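Asker: With the input below, show me the fold.
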Amino acid sequence: MKKYFMIHDENLCIGCQGCSVACRSENNVPSGVYRLQVHAKMTGTFPNLKMDFLRHSCVMCEDSPCVTVCPTGASFKTAEGITLLDHRTCVSCKYCILACPYDARFVEPQTGEIGKCTFCYETRLSKGEQPACVAVCPTDALTFGDLNDENSEVSKIMKEKKVYLPKEEFKTRPQLGMIANRKGGNNE
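Answerer: This next block holds a predicted model:
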């Protein structure tokens, strides 16, 4: 069984927002809300400055609080570990929004439906393609694949590099890992 995982390498990300633009285009995300954003965070004091580019999206928790609190079962996990939402059974109660420690869900302004990153499950992943954000990244800062395949790029990176999981203390076991930026500031 496949177990999908994504890695965002903060050392390679240049904050170009290509991933966010591709996501908006691929998923028809309305203005004013985002499935994915890259936030810039500057730390330090001149001349020792550091610029981090941090991905903000659903992290596809293995133990998803949004799935647990859903009263209708509209929030669910696929066999491969992707957290999705069935709009036919969703009543837009917003429990999932409140339960998400990653602030990764939103209400779509025109429809009132709940939205979130799906790793492009319906539009690309189900066809054997990479998520749109991964496909357009000009610096290869995003890697996506089957963690259960030891020959996949994502498995190799997990073995070779230190990957941290966002808000690991919540024990949600995210399927989106990060490689911390080591450039800039006093880390060069």
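
Asker: what does the helix ranked longest in the chain contact?
Answerer: Longest helix in the chain by number of residues, with DSSP state H as the criterion: helix 18-27. Under the criterion Cβ atoms under 8 Å, 6 or more residues apart in numbering, residues 29, 34-38, 55, 117-118, 120, 123-124, 132-138, 142 lie in contact with helix 18-27. Bear in mind the C-beta positions are built from the backbone N, C-alpha and C, glycine included.

Asker: Contact partners for residue 2?
Answerer: 80, 146, 148-149 are the contacts of residue 2 under Cβ under 8 Å, 6+ apart.

Asker: Report the buried members of the contacts of helix 18-27.
Answerer: Neighbour-count burial (16 or more other Cβ atoms under 10 Å) is assigned, among the contacts of helix 18-27, to 29, 34-36, 38, 55, 117-118, 120, 124, 132-137, 142.

Asker: Now, the residues you listed that are in helices?
Answerer: Going by DSSP H, the helices hold 132-136 from the buried ones among the contacts of helix 18-27.

Asker: between those residues, which is closest to residue 160?
Answerer: Of all those, residue 160 sits closest to residue 134, with 18.7 Å by Cβ to Cβ.

Asker: And residue 66, how far from residue 150?
Answerer: 30 Å (Cβ to Cβ, to the nearest Å).

Asker: So between these two, which is more surrounded?
Answerer: Comparing residue 66 with residue 150 by other Cβ atoms under 10 Å, the one with more neighbours is residue 66, at 26 against 10.

Asker: Now for the more buried one: which residues touch it?
Answerer: Neighbour list for residue 66: 75, 83, 95-97, 99-100, 105 [criterion: Cβ under 8 Å, 6+ apart].

Asker: So what does it have for phi and psi?
Answerer: phi -70, psi -30 (degrees, to the nearest 10).

Asker: now residue 181
Answerer: Torsion angles, degrees, to the nearest 10, at residue 181: phi -70, psi 130.

Asker: and it, how many residues sit next to it?
Answerer: 20.

Asker: mind listing what the closest residue to it other than its chain neighbours touches?
Answerer: Spatially, and ignoring its direct neighbours in sequence, residue 181 is nearest to residue 10 (3.8 Å; Cβ to Cβ, 6 or more residues apart in numbering). By Cβ under 8 Å, 6+ apart, the contact list for residue 10 reads 52-54, 141, 178-181.

Asker: quick revisit: looking at the contacts of residue 66, which two lie furthest apart in space?
Answerer: Spatial extent of the contacts of residue 66 (Cβ to Cβ) is set by the pair 83 and 95 at 14.1 Å.

Asker: so how far does stretch 108-118 reach from one end to the other?
Answerer: Distance across stretch 108-118, first residue to last, is 15 Å (Cα to Cα, to the nearest Å).

Asker: any chance of the contacts of residue 10 in TSV, plus pLDDT?
Answerer: Below are these laid out as TSV (pLDDT from 0 to 100):
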residue	pLDDT
52	92
53	95
54	95
141	98
178	97
179	97
180	93
181	92
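
Asker: Done for today, thanks.
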